[in-house]
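**Q** sequence? don't have it. structure:
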């Protein structure tokens, strides 16, 4: 029965970011068929950050009206919204509307905004819900969250999205020397291969994944075997009435303010956070690392992944994207068996991951002619860099989730809020560099020439 709960927690976590992750990997197939073209990723970045109104609302409600928000109802609403938006996307993503005389993919952009609201809000609702289960299932939830990026990537690989084949082509040049001579030059031309199935089928797959998430959520709440896995005495109240035991409905533990107004918590004579196990400086340190790692892994480095990998070839790009997606759930599996909570180790891994991220960023800045661009070792290094980068920082994020889980329900709400804050700051930093000032440049898939 414990295995069933682990499976359901994994499937529940898989629905957290599957919609937006799926949309990103499908971009090479979507972009050629819409008027926005390759400006679409920039629009998506803005829409995702606008969708932070969802987690902002939930966080403010927990801060100023604790207990007033029915989190169960919120989760049902956002999962249902994700299913409906994904289905509508399959039917209307190619539809355009004239806006100020210019065709725009209004349906695609509006539905993407709703999907972004779903995924962003999951950060501050799904994690606190895991307080209803034993601590060991939180790591499994993170495995599912990692799978929300891996599974769409695997399906996109099967679909054949963005596969480029370089073919020889010839071009005749007329020159006026003496009379008319003809010179023929040969160059490589990029040819994108047709997908094995359409974008519509892919969007229906995303809808099915959200439906699986909803089913897992229902079973986590109502399946008798899972209910028996709920920690006894913490989320149920047994009230003795005339010799009979009356069980009250399962509920959240008593809401406690994040800061004890009397300055006393857990027997300590100072202002503290959660259970009081960590000082405020330690909590700020944990939240800073949480924001930093999520900024790097969710926005900053993914926004330059193509610039860092494509100079070494299309295979290096697809391999790094796939293996990085595998590294996320792998880190969660490692954390399941080695759940270390050392703040010093957390800092060391963050420094290591950030250093590797700096190498990836340096390669992206030097694109289209980075170090070892003509060597096989260059492609091997960039793929390994992406694997280790995602592996280390994903492990750090799971460590922080385990720590904050023990600090209580409110701590997990703030955990989700800080995750979104870090992603927002990363987007605000990278959007102008990538999309406005075009600081990064990439060569042609088949004809990049470097000295």
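**A** Done, it's in. None of the values given here were measured: they were computed from a predicted structure. Numbering: from 1, shown residues only.
**Q** quick one, domains of this protein?
**A** 1-160+195-240+250-257, 272-451 (automatic domain parsing).
**Q** what is the mean pLDDT for the last one?
**A** The one in question is domain 272-451. Per-residue pLDDT over domain 272-451 has a mean of 84.
**Q** related to what we said a few turns ago, just so I know, which of the domains of the chain lies nearest residue 167?
**A** domain 272-451 (8.3 Å; Cβ to Cβ). For every residue, glycine as well, the C-beta is placed using N, CA and C.
**Q** what are the ranges of the helices in the stretch 351-451 of the chain?
**A** Secondary structure of the stretch 351-451 of the chain, counting by DSSP state H, counting those that start in this stretch: helices at 376-406, 409-431.
**Q** Relative to residue 338, which of those is closest?
**A** Among these, helix 376-406 sits nearest to residue 338 (Cβ to Cβ), with 8.9 Å.
**Q** who touches residue 129 in this structure?
**A** 71, 72, 75 (Cβ atoms under 8 Å, 6 or more residues apart in numbering).
**Q** A strand includes the last one, no?
**A** No - checked against DSSP: H, G, I helix; E, B strand; the rest coil, residue 75 lies outside a strand; its state is helix.
**Q** Could you measure from it over to residue 48?
**A** 20 Å (Cβ to Cβ, to the nearest Å).
**Q** of the two, who's got more company?
**A** Set residue 75 next to residue 48 and count neighbours by other Cβ atoms under 10 Å: residue 48 wins out with 25 against 22.
**Q** what about that one, distance to residue 133?
**A** 28 Å.
**Q** what would the domains of the chain look like in TSV with distance to residue 167?
**A** Listed next are the domains of the chain as TSV, based on distance: least, Cβ to Cβ, whole Å:
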stretch	distance to residue 167
domain 1-160+195-240+250-257	17
domain 272-451	8
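**Q** can you tell me which of those domains comes nearest to residue 168?
**A** Closest to residue 168 of the domains of the chain is domain 272-451 (Cβ to Cβ; 9.7 Å).
**Q** Could you list the low-pLDDT ranges of the stretch 101-250 of the chain?
**A** Applying pLDDT under 70 to the stretch 101-250 of the chain flags the ranges 162-164, 169-192, 230-250.
**Q** circling back: among the helices of the stretch 351-451 of the chain, which is nearest residue 161?
**A** helix 376-406 (18.5 Å).
**Q** how far out from the middle of the chain is that closest one?
**A** Mean-position distance between helix 376-406 and its chain equals 13 Å (Cα atoms, centre = their mean, to the nearest Å).
**Q** That one vs helix 409-431, what angle?
**A** Computed with axes from the mean of the first three to the mean of the last three Cα atoms, to 10 degrees, the direction of helix 376-406 lies at 150 degrees from that of helix 409-431.
**Q** Tell me the helices and strands packed up against helix 376-406.
**A** In terms of contacts (3 or more Cβ pairs under 8 Å, 6 or more residues apart in numbering; DSSP states H and E), helix 376-406 is packed against helix 136-159, helix 280-295, helix 305-309, helix 314-337, helix 343-366, helix 409-431.
**Q** run the last query once more with 6 Å
**A** In this structure, helix 376-406 makes packing contacts with helix 280-295, helix 314-337, helix 343-366, helix 409-431, judged by 3 or more Cβ pairs under 6 Å, 6 or more residues apart in numbering; DSSP states H and E.
**Q** Tell me how many other residues surround residue 395.
**A** Neighbours of residue 395 (other Cβ under 10 Å): 25.
**Q** What residues does it make contact with?
**A** Counting by Cβ atoms under 6 Å, 6 or more residues apart in numbering, residue 395 touches 331, 335.
**Q** can you do 10 Å?
**A** 142, 293, 327-328, 330-332, 334-335, 338, 340, 345-346, 349, 353 (Cβ atoms under 10 Å, 6 or more residues apart in numbering).
**Q** how near is residue 370 to residue 304?
**A** Taken as Cβ to Cβ, the span from residue 370 to residue 304 is 11 Å.
**Q** Find residues that contact each of the two.
**A** Going by Cβ under 10 Å, 6+ apart, residues that sit against residue 370 and also against residue 304 are 363, 364.
**Q** hang on, residue 103 in a strand?
**A** Yes - counting by three-state DSSP, residue 103 is found in a strand.
**Q** Which of the contacts of residue 395 sits closest to residue 154?
**A** residue 328 (12.8 Å).
**Q** Tell me how many other residues crowd the nearest residue to that closest one once chain neighbours are set aside.
**A** Nearest residue to residue 328, sequence neighbours excluded (Cβ to Cβ, 6 or more residues apart in numbering): residue 146, at 3.4 Å. As a burial measure, residue 146 scores 28 neighbours (other Cβ under 10 Å).
**Q** Residue 342 now?
**A** For residue 342, the count of nearby residues is 10 (other Cβ under 10 Å).
**Q** is it true that it touches residue 396?
**A** No - at 11.2 Å, residue 342 and residue 396 do not qualify as touching, with contact defined as Cβ atoms under 10 Å.
**Q** which neighbours do those two share?
**A** 348, 349.
**Q** Identify the residue nearest residue 415 in space, chain neighbours excluded?
**A** Nearest residue to residue 415 in three dimensions, chain neighbours excluded: residue 404, at 4.7 Å (Cβ to Cβ, 6+ apart).
**Q** got a list of what that neighbour touches?
**A** 127, 138, 273-274, 278, 283, 286-287, 290, 410-416, 418.
**Q** what do you get if the cut-off is 7 Å, keeping everything else the same?
**A** Going by Cβ atoms under 7 Å, 6 or more residues apart in numbering, residue 404 touches 411, 412, 415.
**Q** can the residues you listed go into JSON lines with extra columns for neighbour count and distance to residue 440?
**A** Below are the contacts of residue 404 laid out as JSON lines (neighbours: other Cβ atoms under 10 Å; distance: Cβ to Cβ, whole Å):
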{"residue": "411", "neighbour count": "24", "distance to residue 440": "37"}
{"residue": "412", "neighbour count": "24", "distance to residue 440": "36"}
{"residue": "415", "neighbour count": "23", "distance to residue 440": "31"}
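**Q** Rebuild those residues as CSV, extending it with distance to residue 222.
**A** Shown next, in CSV, are the contacts of residue 404 (distance: Cβ to Cβ, whole Å):
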residue, distance to residue 222
411, 27
412, 22
415, 26
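**Q** Just give me the closest of those to residue 107.
**A** Out of those, the member with the shortest distance to residue 107 (by Cβ to Cβ) is residue 415, at 33.9 Å.
**Q** The residue nearest to residue 415 and residue 341, how far apart?
**A** Distance from residue 404 to residue 341, by Cβ to Cβ: 11 Å.
**Q** Distance-wise, check residue 68 relative to residue 127.
**A** Residue 68 is 19 Å from residue 127, by Cβ to Cβ.
**Q** Which of these two has more residues huddled nearby?
**A** More crowded of residue 68 and residue 127, by other Cβ under 10 Å: residue 127, with 26 against 9.
**Q** hang on, the more buried one packs against residue 411?
**A** No - using Cβ atoms under 7 Å, residue 127 is not in contact with residue 411, being 9.6 Å away.
**Q** I'm done for today, thanks for sticking with me.
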